[in-house]
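Chemist: got a predicted structure plus its sequence, pasted below:
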Amino acid sequence: MNLLITGGAGFIGSHVVRLFVESYPHYHVFNLDKLTYAGNLQNLADVEGRENYTFLKGDITDAAYLESIFSEHRFGAVLHLAAESHVDRSIAGPMAFVQTNVIGTVNLLEACRRAWAGDFEGKLFYHVSTDEVYGSLGEEGLFTESTAYDPRSPYSASKAASDHFVRAWFHTYGLPVKLSNCSNNYGPNHFPEKLIPLAIHNIKEGRPVPVYGKGENVRDWLYVKDHARAIDAIFHRGRVGETYNVGGVNEWRNIDLIELLCDVMDERLGREQGASRKLITFVKDRAGHDARYAIDSSKLMSELGWAPSVTFEQGLRKTVDWYLENEQWLEEVTSGHYRDYYREQYEHR
């Protein structure tokens, strides 16, 4: 089977591409990525020479390009991860999120529908989404697959819209689809605008570690390699037309997470315990900042037998070790355009 994975040079996508290339040698994995600021082919340097792997540089908002590659490669399945994904960027420039997350997804759905021409036997469109489409939770409760959508940012609204279009193509045209909504991911290769890699980099350099508001916002953290395993399970064994929530069963307040991270960094860098906590700097809160996300993964666990492989403390230590052992990767992605964005987003607050 020829499998198209979109956004495969990004954080989550690169882990999914690697897993599929290594686990399914009878698939030919095509990685379609535009290589924007967060796409990095170095994330996949270890698989780029494999016979069952091909990289395609392209944009999912270009419908004509999608039609051409579908015609040439005759994909039997699409695993769609390509997305603009950072909430702060969506607040500063929402239209890019509408173009990529909504128009790009619809372009892919149409490319599948036309290429497969009603012969959907053995075909699949798998759409990877986020728990942020559900909005914000109070102190109790969990997001389930039946939770009503209530997006609060341009990012989450664009992902909610894309989810609706995927389901519409299933109900209207019979396109075989699966969806998953995940909690916050962390782990190796994460672009350092997100909380954990940003904090690791700043702690290492002795720079302030920005925390929104009072740090009381709660997130459920999912180790990225566990997410890739969940995607594998859903892709191969999940039911068509169904949605599966993927969470790490790891709820942490941002401030508690950052304090733990500071302590792990002190341990790994041989610093006095408590030294890095002095770098914590509270900044003006994000507009429309959701108070709490938490995922109920029981459907995924009971139907497909998936479970997280690490605790958050174990995953965080693995993540810290990876960044400290891959300083060149971090230096290369924290130059140029990213530095300009960082100054605008944090240093001017």
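Modeler: Sure thing, it's come through.

Chemist: what pLDDT, on average, does stretch 87-100 get?
Modeler: Along stretch 87-100, the predicted confidence averages to a pLDDT of 93.

Chemist: go on, stretch 184-204?
Modeler: Confidence over stretch 184-204 (mean pLDDT, whole number) is 91.

Chemist: same check, this time on stretch 53-64
Modeler: Stretch 53-64 comes out at a mean pLDDT of 97.

Chemist: quick one: end-to-end distance for it.
Modeler: Its start and end residues considered, stretch 53-64 measures 23 Å (Cα to Cα, to the nearest Å).

Chemist: what about that stretch, distance to the chain center?
Modeler: Here stretch 53-64 shows a centroid-to-chain-centroid distance of 19 Å under the convention Cα atoms, centre = their mean, to the nearest Å.

Chemist: need the residues that contact that stretch.
Modeler: Under the criterion Cβ atoms under 8 Å, 6 or more residues apart in numbering, residues 6, 8-9, 17, 21, 28-35, 41, 44, 47-48, 65-66, 69, 82, 99-100, 103-105, 107-108, 110-111 lie in contact with stretch 53-64. Bear in mind the C-beta positions are built from the backbone N, C-alpha and C, glycine included.

Chemist: buried sites along that stretch?
Modeler: Within stretch 53-64, the residues scored as buried using 16 or more other Cβ atoms under 10 Å are 53, 55, 56, 58, 59, 60, 61, 63.

Chemist: and the second one, that's in a strand?
Modeler: Going back to what we said before, that points to residue 55. Yes - according to DSSP: H, G, I helix; E, B strand; the rest coil, residue 55 belongs to a strand.

Chemist: what bridges to it?
Modeler: Listed beta-bridge partners, residue 55: residue 31 (assigned using DSSP bridges).

Chemist: ok, it to residue 267 distance?
Modeler: Distance from residue 55 to residue 267, counting by Cβ to Cβ, to the nearest Å: 38 Å.

Chemist: residues contacting the residue nearest to residue 132 when sequence neighbours are not counted?
Modeler: Taking Cβ to Cβ, 6 or more residues apart in numbering as the measure, residue 132 lies nearest to residue 156, with 3.8 Å between them; neighbours along the chain are not counted. Applying Cβ under 8 Å, 6+ apart to residue 156 gives the contacts 87, 130, 132, 133, 135.

Chemist: list the buried residues in the helix or strand containing residue 156.
Modeler: In this structure, residue 156 is located in helix 154-173 according to DSSP states H and E. Applying a neighbour-count criterion of 16+ other Cβ under 10 Å, one finds 154-163, 165-167, 169-170 buried in helix 154-173.
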